[in-house]
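**Q** here are the coordinates; sequence isn't available:
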């Protein structure tokens, strides 16, 4: 795998799925902005997105997941280790790859992300729900990273796998947060390119006074 991993082009089926997913999420977030999170129903989301209830639940397990984004189900075991093995000397990059491998695509919908940012700023309940979703995914990533470091101590940079995992995840989260401002400046689906992560990681090193090369 190359240093900068390029996402494969999406096929027709994947593009259709992304359009439906975007329609559901956009409808859910817009309704939450208009009515308040607590007043949004699955039926209202389905009506606005022009889909059936069965289609909704094929994409999202609950109303809350459609509004703030579902927790990402991180693979474990050999599947996860194979992703981390692709960049054994750079755990943060491996976790970034694993995160998007779990999502199944490298697209961020700028309009939905922008509206979710506004929703979280305006409504406490939306922020609480989003934090729960982020924490659920973070716990899974942490467990995988700790297990991988224990299985491959030759790649560890710190004595404690737990500390190394926590710091790597903090860097990934920080990079995603920093890059979100650029991703949401666009419109529609924008690519969460790996080069964005590498550039921000280099900025972190510069801030710490380390050699960015």
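**A** Yep, that arrived. Predicted, not measured: the structure shown is a model, and the values here were computed from it. Numbers count the residues shown, from 1 in each chain.

**Q** make it CA atoms for all contacts and neighbour counts henceforth
**A** Fine.

**Q** Neighbours of residue 142, how many?
**A** If you count neighbours by other C-alpha atoms under 10 Å, residue 142 ends up with 21.

**Q** Same question for residue 104.
**A** Residues near residue 104, counting by other C-alpha under 10 Å: 10.

**Q** any idea how far it is from residue 15?
**A** 12 Å (C-alpha to C-alpha, to the nearest Å).

**Q** which stretches of this structure have low pLDDT?
**A** 1-10, 210-213 (pLDDT under 70).

**Q** max-length helix in it?
**A** Longest helix in the chain, counting residues (DSSP state H): helix 124-151.

**Q** and the next element down the chain from it?
**A** Beyond helix 124-151 on the C-terminal side, the first helix or strand identified by DSSP states H and E is helix 161-183.

**Q** So what angle separates the directions of that next one and helix 124-151?
**A** In terms of direction (axes from the mean of the first three to the mean of the last three C-alpha atoms, to 10 degrees), helix 161-183 departs from helix 124-151 by 130 degrees.

**Q** So which elements touch helix 161-183?
**A** helix 91-103, helix 124-151, helix 194-207 (3 or more C-alpha pairs under 8 Å, 6 or more residues apart in numbering; DSSP states H and E).

**Q** Could you give me the buried positions within the longest one?
**A** When neighbours are counted by 16 or more other C-alpha atoms under 10 Å, the buried residues of helix 124-151 are found to be 126-127, 129-130, 133-134, 136-138, 140-142, 144-149.

**Q** Give me the angle between that helix and helix 91-103.
**A** Helix 124-151 and helix 91-103 are oriented at 120 degrees to each other (the same axes, to 10 degrees).
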